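In: Compute the structure for the input listed below.
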Amino acid sequence: MEWHELYPGDKQPTMEEMAAYIGTAGTLWEELHEYIATTYKAKPKYQYSNCGMKPGWNVKYNKSGQAFGTLYPEEGSFSVMIVVSYRLDADMDKMVPLLSPATAEQWGQAGDYMKLGKWMMMRIADKERLEDYKKILAVKLPPKVA
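Out: Sure, this is the predicted structure:
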């Protein structure tokens, strides 16, 4: 059953139900949410989307007016749509060599998002891709050093 059919707009899933739907990558989903909560002190915002590309419930995080990206549960993985401002191009250029080859290639092909920055839909099904997302996120929203 498709995500948006399993949890229609009037049936908001819990974080645990999202992780269960994701299945084998559910632990990565939980790890990411814990990382964001701990590192950035941000809280999740659940939203239902009728978007044809990724319909259903998703999760967003914001901190100081900056979006972390939108996280979409999928069977066996989850995706995050992230936008990085063009003013961070120099920082991203330094980060790209530290990314996995697949993520670096995807970033190189990332498209324009309303002239504000580059965007990509990043599928996370393994630890390497999760760590790549954290690296990109650190460029966009540098964590505060304790």
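
In: Every contact and neighbour count from this point should use C-alpha atoms.
Out: Fine.

In: For stretch 113-122, give me every contacting residue.
Out: If you take C-alpha atoms under 8 Å, 6 or more residues apart in numbering as the criterion, stretch 113-122 is touched by 79-87, 106-107, 110-112, 133.

In: Type out the PyMOL command that picks the buried ones from the residues you listed.
Out: Applying 16 or more other C-alpha atoms under 10 Å to these, the buried members can be selected in PyMOL as follows:
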select buried, resi 79+80+82+83+84+85+107+133
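
In: next helix or strand past the lowest-mean-pLDDT helix or strand in the chain?
Out: Lowest on mean pLDDT, DSSP states H and E among the helices and strands of the chain sits strand 111-113, with a mean of 88. Using DSSP states H and E, the helix or strand that follows strand 111-113 in sequence is strand 117-124.

In: how far is that next one from where the chain is centred?
Out: Remark: strand 117-124 is offset 8 Å from the chain centroid, using C-alpha atoms, centre = their mean, to the nearest Å.

In: how near is residue 58 to residue 18?
Out: 9 Å (C-alpha to C-alpha, to the nearest Å).

In: next one: residue 55
Out: Residue 55 is 14 Å from residue 18, by C-alpha to C-alpha.

In: Now the residue nearest to residue 13 when sequence neighbours are not counted: phi and psi?
Out: In space, residue 13 comes closest to residue 7 once its chain neighbours are excluded; the distance is 6.6 Å by C-alpha to C-alpha, 6 or more residues apart in numbering. In terms of degrees, to the nearest 10, the main-chain angles of residue 7 are phi -130, psi 90.

In: Then residue 100?
Out: With angles defined as degrees, to the nearest 10, residue 100 sits at phi -60, psi 160.

In: And it, what's its pLDDT?
Out: The model reports residue 100 with a pLDDT of 98.

In: got the angle for the helix or strand hosting residue 107 vs strand 117-124?
Out: For residue 107, the host element (DSSP H and E) is helix 101-108. Interaxial angle, helix 101-108 versus strand 117-124 (axes from the mean of the first three to the mean of the last three C-alpha atoms, to 10 degrees): 150 degrees.

In: Going along the chain, name the helices of this protein.
Out: For the chain, applying DSSP state H gives helices covering 3-6, 15-22, 26-40, 89-95, 101-108, 127-140.
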